[in-house]
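# pasting the sequence and the predicted coordinates here, then a few questions.
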Amino acid sequence: MSDDLIDSDIRVAKTLPSKFYTDEKRFRKLLKVFKSSWQFVGSSNQFTSDVTPIDHIGRLHNQPIIRIQDGDSTHMLSNVCTHRGMVLCHEHSSAKTIQCPYHGRTFNRDGTLKHMPGFEDVVDFPSEDDNLPSFDLQIWNGFEFTSLKPGVDLQDVLQPLQERLGWFFFDLNYNPEKDRNWNINANWMLYVDNYLEGFHIPYVHPELNEALDKDGYTTECFEHGVLQIGMAKEGDVCFDLPESSVDSGKRIAAYYWWFFPNLMINVYPWGVSINVVVPNGCDSTTVLFRSYVKHPELMEQGAGAALDKVEVQDQFVVESCMKGLRSSSYNRGRYSAKHEQGVHHFHRMISRLR
């Protein structure tokens, strides 16, 4: 694919061709980008079990993964037995060891092989290959991320967020009651497209539109993602920004951060909502919502309220677009130079993948 597929000048550029969303081979090819990206695991203080299967990352990579808390050490390990490929852990537990339910192969919490019955006469056993593979784990402000093969340091990816809002990311409490897993009949990129522009808000989200100042919505593109800022209408809830903030003096209702390819970190006066977009198939996606609360008294106010309703409204649009993209009458569209800089930036990133 050529960079020229999406012109760098948004005023003349055309959107991604519909086949990027509907072609099965292209879908599988684009999935490779997830292996080199950092994937959100959760906050360190939300895990109540020492052994936790991380199912959404397993689906992303076709690589089952478990999070292991071993005293003060945390490990991200393969959840696949090195004997015959059996998935090891299906539920949360506090087991001292990890034992395969198929033939009893047992591993220590750091992934090293501890015991295997019936292998007394096997030559050159055990070897390093009999241990569970481990994956990179990095922690940012209490949030854990993992990657199978990181292409860039996590701190570099999240630097714009750290510089702008690092002061906000403390005293956040995980609220499991707000957990949602939404299943959508659409390609994962359509969900990202929709997230990356506020152009549709007056037409799709009447409640959100009431909370935002339509003339104050801005978009900023950076190397690894996009930031959208929604301004609060006079009298509505907004951030109490420190004087040191670059946004000091502004009535900001929400910061919407997207990091390539599938992570959304939404920062509201009440706290942080994180969305992870998980592709299941060419036209099937699951979106995970996780909430981390700082000011619970603000949860039902402003742009950060009624998130379930906003999600359902978005799903209707995205699923309808998926149907339209399969139409023989549609191939490519054009961008609004004023409102769709984020979508244009995302499409250029996708078009550069080989």
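Thanks, I have it. Numbers count the residues shown, from 1 in each chain.
# can you read off the pLDDT for T218?
pLDDT for T218: 95.
# could you look up the SS state of the residue lying closest to N108 once chain neighbours are set aside?
With sequence-adjacent residues excluded and distances taken as C-beta to C-beta, 6 or more residues apart in numbering, N108 is closest to K114, at 5.0 Å. (Glycine included, C-beta is placed from N, CA and C.) Following DSSP: H, G, I helix; E, B strand; the rest coil, we place K114 in the strand state.
# K114 contacts K96, correct?
No - using C-beta atoms under 8 Å, K114 makes no contact with K96, being 10.0 Å away.
# which one's more surrounded, these two?
K114 (14 against 11; other C-beta atoms under 10 Å).
# where does the more buried one land on pLDDT?
Taking K114 on its own, its pLDDT is 98.
# cool, and M1?
41.
# and the helices in the stretch 151-300 of the chain?
154-157, 159-165, 188-195, 201-204, 206-211 (DSSP state H, counting those that start in this stretch).
# JSON lines for those, including mean neighbour count and mean pLDDT?
JSON lines is the format used below for the helices of the stretch 151-300 of the chain (neighbours: other C-beta atoms under 10 Å; pLDDT from 0 to 100):
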{"stretch": "helix 154-157", "mean neighbour count": "16", "mean pLDDT": "97"}
{"stretch": "helix 159-165", "mean neighbour count": "17", "mean pLDDT": "98"}
{"stretch": "helix 188-195", "mean neighbour count": "23", "mean pLDDT": "97"}
{"stretch": "helix 201-204", "mean neighbour count": "14", "mean pLDDT": "87"}
{"stretch": "helix 206-211", "mean neighbour count": "16", "mean pLDDT": "84"}
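# quick check: which of the ones you listed is nearest to Y335?
Closest to Y335 of these, according to C-beta to C-beta: helix 188-195, at 10.7 Å.
# distance from the closest one to the middle of the chain?
12 Å (C-alpha atoms, centre = their mean, to the nearest Å).
# just stretch 103-119 next, same as before
33 Å.
# just stretch 21-30 next, same as before
That offset, for stretch 21-30, works out to 19 Å (C-alpha atoms, centre = their mean).
# report the mean per-residue pLDDT for it.
95.
# now do the buried residues in that stretch.
Y21, T22, R26, F27, L30 (16 or more other C-beta atoms under 10 Å).
# I'd say Q69 and T48 touch.
No - counting by C-beta under 8 Å, Q69 stays clear of T48, with 9.8 Å between them.
# out of the buried residues of stretch 21-30, flag the one nearest to E297.
Y21 (41.2 Å).
# regarding the protein, what is its longest helix?
helix 307-325 (DSSP state H).
# name the residues that touch that one?
Applying C-beta atoms under 8 Å, 6 or more residues apart in numbering, the external contacts of helix 307-325 come out as 18, 21-22, 180, 182, 184-187, 190-191, 194-195, 200, 204-205, 207-208, 273, 283, 287, 289, 330.
# tell me the angle the following helix or strand past that helix makes with helix 188-195.
The helix or strand immediately downstream of helix 307-325 is helix 341-351, counting by DSSP states H and E. Angle of helix 341-351 versus helix 188-195, following axes from the mean of the first three to the mean of the last three C-alpha atoms, to 10 degrees, is 160 degrees.
# what's in contact with helix 341-351?
Counting by C-beta under 8 Å, 6+ apart, 1-3, 5-6, 8, 10, 13, 15-16, 20, 30, 189, 192-193, 196-197, 219, 221, 226, 228, 258, 260-261, 335 sit against helix 341-351.
# would you mark the buried spots in stretch 170-184?
Those would be L172, Y174, N175, K178, W182, I184, for stretch 170-184 by 16+ other C-beta under 10 Å.
# what do you get for stretch 12-19?
A13, T15, L16, P17, S18.
# where does the stretch 1-150 of the chain dip in pLDDT?
Flagging of the stretch 1-150 of the chain using pLDDT under 70 yields the residue ranges 1-3.
# what ranges do the helices span in it?
19-22, 24-30, 55-61.
# residues contacting L353?
M1, K29, L30, K32, V33.
# how near is the nearest residue to the second one once chain neighbours are set aside to S37?
Excluding its sequence neighbours, the residue lying closest to K29 (C-beta to C-beta, 6+ apart) is L353, at 7.8 Å. When distance is defined by C-beta to C-beta, to the nearest Å, L353 is 12 Å away from S37.
# distance of K96 relative to F119?
Distance from K96 to F119, by C-beta to C-beta: 21 Å.
# next one: N173
The gap separating N173 from F119 is 47 Å, by C-beta to C-beta.
# give me the neighbour count for the nearest residue to V51 once chain neighbours are set aside.
Excluding the flanking residues, the one nearest V51 by C-beta to C-beta, 6+ apart is S93, at 4.6 Å. Counted with other C-beta under 10 Å, the neighbours of S93 add up to 14.
# quick check, Y195 in contact with F259.
No - taking C-beta under 8 Å as the definition, Y195 is not a contact partner of F259, at 11.5 Å.
# low-confidence stretches in the stretch 151-300 of the chain?
Short version for the stretch 151-300 of the chain, where the test is pLDDT under 70: none.
# can you put the buried residues of stretch 170-184 in JSON lines and add distance to A306?
Below are the buried residues of stretch 170-184 laid out as JSON lines (distance: C-beta to C-beta, whole Å):
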{"residue": "L172", "distance to A306": "21"}
{"residue": "Y174", "distance to A306": "21"}
{"residue": "N175", "distance to A306": "16"}
{"residue": "K178", "distance to A306": "12"}
{"residue": "W182", "distance to A306": "15"}
{"residue": "I184", "distance to A306": "19"}
